[in-house]
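1. What follows is a protein structure lacking sequence information:
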Ligand code: SF4
Ligand code: SF4
């Protein structure tokens, strides 16, 4: 009996609150441009923040009010730009689809440890403790600060190094900004050849700390012909704003330390 | 001179086992020159010095090899005579990558006479003396390495009434300052008189912790000028920190975010005093210092007079090498020093000690959560709330930590020392402070560039 | 080049970490071990006054909490934490808050709830907002009101049958597994019942009663009856610096002041001050439960506020005429636990070098 009574009372309280809430919601709702709703529907809803706004909804609002250009959503690609242009009547050009790549290949097998790190599992925190545990001061610390920043869980940590799964990456750039060593780059997906090393040191110094570092031998650039690749000091550099390397297989095969890789980034996963 | 007990004491702090007995009894030994010296070009706070010699040059002891680059920077001198062999990028004790000038000593140890001795220093003007101190590359030798020439030259309008001489050496294990006070009492005293003259300070407090009665005794025997006293501090960490020391000796709280000069004080370490004396009286730049090589993993702990640029390896060897395998090698004291990743690190002007800890005498940080015991909050000498700040930072809420004044934390380590959960609190604060500094710099850069564009627009 | 040759016996891989590199030596496990040690005197008192069944009950509760902790961590795929001994502390504390005649299965259930619901669901030690042992006790009190308020007479009383203790004639209730269970009331319960009738039992003035309350020869939860034993345990905790004096002193002090005010306001209805302090679970609560570091505030100032709040709430629950519960310590602490985050937010310590309020920077 008393249970029934309690149930009824609680039910009533719930009902009253519900009605009240509904009333307040109706009464105080802000009239919004209906196109904002449409724009939100167009956006991928990843809330990745890559556009520089707090989330898809705030970007949508900014697009409709004219405060933001229509081509800011890297996750959505050309399709979204198209739809937003139709919605607003303003045009924009989608930048080339991009994916993040961690420019270091020094996993636990390749890179030497110089000390045992005991502290916070965060790359920024480890970096301030005698420069982290790896002997190479340019390489990936492998503590996954980027992986935690990724809204799509696209970054894997394996063998002491982070790597991005291109099929899951939406190119929002969150990981780029959190890496204390600035190792992550957003690169055009059309490019296949990447130098997975960021150490500007000379060959001998690189060899001392990592077996997969760029030793600056220049063989790759020679094989490529110097069109989209150059040597920048003791490290090979890809000119990402030029055309992709034409003969990726041949070039990648030349690298003696296997830091030059031939990656297929064209698969954009579920959003293709 | 008069000896008084410190009239105040700060709230909080800890009292770790002192372990000074390991090395306090051993007189400092002057080391022979090694085959190579690698002199870091950044041994101080502020901009690294700019190399002014090139490979192949012959240098004499006291020649400038790196010249101060900017207002907050310091000259670096060659610690001996020899040939510049190379420049190498090597980790500094603090873990930053710093350019080192590699010098091969020629064994002559010939001195340059660039700086003339000021036998008549008492008749020199403060400006001349300050210039000498800067030229000699003198920096605070207590740890931070702030250029002394800048410190003793406070902006006009800031009247300095008291010079506090920091002889507390509150870090466990270290005995370098203690030995220096015993062995170079006169030099320290002369240094104090020089700085007092520069600052025009009415009062001088020589602050020494009560666990160094022999040093207190020596200073008390000096026939002193008016207004000088030895202030005996209770042995408690961190009495050697500027702000806590000023409070203990005089009862002023340096305002949050402010400098000792804001309350009319300047604090300098005893080592700096003796360096000032060397520079002024003998024209010798700062190129060597007292270093304690100690810890349970060292065979014969002791004190050494080491030239800047000697490797930790060389000093440890001089102390008999390792008795057991060390787990950690720390540059500086155990509370605020930096763990280094190899013994191939080179002595700087601020290396007060090389501490080799075995497994039993250090501990492991853990990633376990805060159990809310509140000990950190009651030991923090800045009366911050470490537990709350660390939780905020863990949740990546740097702004939250800033609102709790993480910027006031001077990384004394009292909180981590006391935390039963072994949380790496100080590391959190260091990271947060780094992020905040970066943000401040970015903001300033943005503002500067905005101003610049505005100006150019205005002029058009 | 002796500099590079490595005449020093080469150290193996060094450890790098942030400063400081030394530690005071405390640990969570050590702290919990100290608490367990501090709980030994109340446990002994429980056995002395309530027989070996008390020991069995303590064992059951502890086993339940430790096993639950283990299973929960396993299920959540987290590291095993029974080694930090916090689950054992919860078990013993829970047992000490139960009547000695409680069926074993109910006690075990209480232990499971303490750990699974009050602690691990929130993420384990450090994240639990409420004192797990008290949550377990509250759960049992609400679910099994009858057995949770059947107070077994202490062994001594059964022998001596002290009539002036003001205990109404015991009615024997057959209970499987235990010979005699007396459904009698605790001294506070007795007072409450009497107050409902508008009376005041005179045993509260009895000096012999004081002594019995102090050493623990009375009805009540197993660990709360002996003030003496609790005090010995608390002194140990103070000596080991597991707790500071602030919470016990301010908690008990607030109760005393409150009781004194009542005494002055309604002299013929209110209980004597010392009766309030010595009876019920106040001592155990103030020394062992309110001092639980996870669930009380992290600053001294906050802890004082917390303790005063506990004191006031305890007295309100105890003394509101017609209230349902004769004792309010557990609920008072639980309610104040809920305020702990707020207190932590509100209390701001005056920082070193912070400009004085009202003064310009
Ligand atoms: S918060 Fe900073 S100042 Fe306070 S105890 Fe910790 S390290 Fe020291
Ligand atoms: S000392 Fe450690 S466990 Fe205790 S409150 Fe501070 S951070 Fe938390």
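-> Everything's here; your move. A quick note: this is a predicted structure, and the numbers were derived from the prediction, not measured. Numbers count the residues shown, from 1 in each chain, chains lettered A, B, ... in the order given. Ligands and ions are numbered 1, 2, ... in the order given.
2. so what's residue 255 up against?
-> Chain wasn't specified; assuming chain A. With contact set as CB atoms under 8 Å, 6 or more residues apart in numbering or on different chains, residue A:255 has these partners: A:219, A:220. Just so you know, the C-beta spots here come from the backbone N, C-alpha and C atoms, and that holds for glycine as well.
3. um, chain C though
-> Contacts for residue C:255 (CB under 8 Å, 6+ apart) come out as C:276, C:277, C:282, C:311, C:314, C:315.
4. Quick check: closest non-adjacent residue to it.
-> Counting by CB to CB, 6 or more residues apart in numbering or on different chains, residue C:255 lies nearest to residue C:311, which is 4.7 Å off, once chain neighbours are set aside.
5. Can you get me a residue count around that neighbour?
-> Neighbourhood size, residue C:311 [other CB atoms under 10 Å in any protein chain shown]: 26.
6. how close does it sit to residue C:304?
-> In this structure, residue C:311 and residue C:304 are 11 Å apart, going by CB to CB, to the nearest Å.
7. Residue C:351 now?
-> Between residue C:351 and residue C:304 the computed distance is 19 Å (CB to CB).
8. What is the neighbour count of residue 91?
-> All of this is about chain A. Counted with other CB under 10 Å, residues neighbouring residue A:91 total 13.
9. hm, I was asking about chain C
-> By other CB under 10 Å, the residues close to residue C:91 number 32.
10. Quick check on it: phi, psi?
-> Torsion angles at residue C:91 (phi, psi; degrees, to the nearest 10) stand at phi -60, psi -50.
11. what do you get for residue A:215?
-> Dihedral angles of residue A:215 (phi, psi; degrees, to the nearest 10) stand at phi -100, psi 0.
12. how much space between the residue of the stretch 251-400 of chain B found nearest chain A and residue B:240?
-> Per CB to the nearest CB, residue B:341 is where the stretch 251-400 of chain B lies closest to chain A, at 3.6 Å. According to CB to CB, residue B:341 and residue B:240 sit 26 Å apart.
13. pLDDT wise, what is the residue nearest to the spatial centre of chain A at?
-> With distances taken as CA atoms, centre = their mean, the residue of chain A nearest its centroid is residue A:173 (4.1 Å). In this model, residue A:173 is scored at 87, pLDDT.
14. just to revisit the earlier point, run through the residues that contact the residue of the stretch 251-400 of chain B closest to chain A.
-> A:114, A:115, A:130, A:131, A:133, B:91, B:95, C:14, C:16 are the contacts of residue B:341 under CB under 8 Å, 6+ apart.
15. okay, those in TSV with secondary structure next?
-> What follows is the contacts of residue B:341, written out as TSV (DSSP: H, G, I helix; E, B strand; the rest coil):
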residue	secondary structure
A:114	coil
A:115	strand
A:130	coil
A:131	coil
A:133	coil
B:91	strand
B:95	coil
C:14	strand
C:16	strand
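16. how about the residue lying closest to residue B:46 once chain neighbours are set aside, what does it touch?
-> Excluding the flanking residues, the one nearest residue B:46 by CB to CB, 6+ apart is residue B:72, at 3.3 Å. Each residue near residue B:72 by CB under 8 Å, 6+ apart is listed here: B:45, B:46, B:47, B:146, B:147, B:150.
17. at 10 Å what do you get?
-> By CB atoms under 10 Å, 6 or more residues apart in numbering or on different chains, the residues touching residue B:72 are B:44, B:45, B:46, B:47, B:146, B:147, B:150.
18. How about residue B:37?
-> By CB under 10 Å, 6+ apart, the contact list for residue B:37 reads B:78-80, B:82, B:85, B:100-105, B:287, B:307-311, B:314, B:346-347, C:3.
19. And the residue nearest to the centre of chain A, how close does it get to chain B?
-> In this view, residue A:173 and chain B are 17 Å apart by CB to the nearest CB, to the nearest Å.
20. Same check on residue C:254?
-> From residue C:254 to chain B the distance is 20 Å (CB to the nearest CB).
21. Number of residues surrounding that residue?
-> The burial count for residue C:254: 21, using other CB under 10 Å.
22. ok, now residue B:31?
-> For residue B:31, the neighbour count with other CB under 10 Å is 17.
23. Isn't it up against residue B:309?
-> No. Using CB atoms under 10 Å, residue B:31 is not in contact with residue B:309, being 11.7 Å away.
24. near chain B, which residues of the stretch 251-361 of chain C show up?
-> With CB under 10 Å from any CB of the partner chain as the criterion, the stretch 251-361 of chain C comes near chain B at residues C:292-303, C:340, C:344-345, C:347-356, C:361.
25. Please work out the residue of the stretch 151-272 of chain A nearest to ligand 2 and name it.
-> Distances between the stretch 151-272 of chain A and ligand 2 by CB to the nearest ligand atom are smallest at residue A:180, namely 24.2 Å.
26. Surely that residue is within a strand?
-> No. Under the criterion used here (three-state DSSP), residue A:180 is coil, not part of a strand.
27. Right, I'll leave it there.
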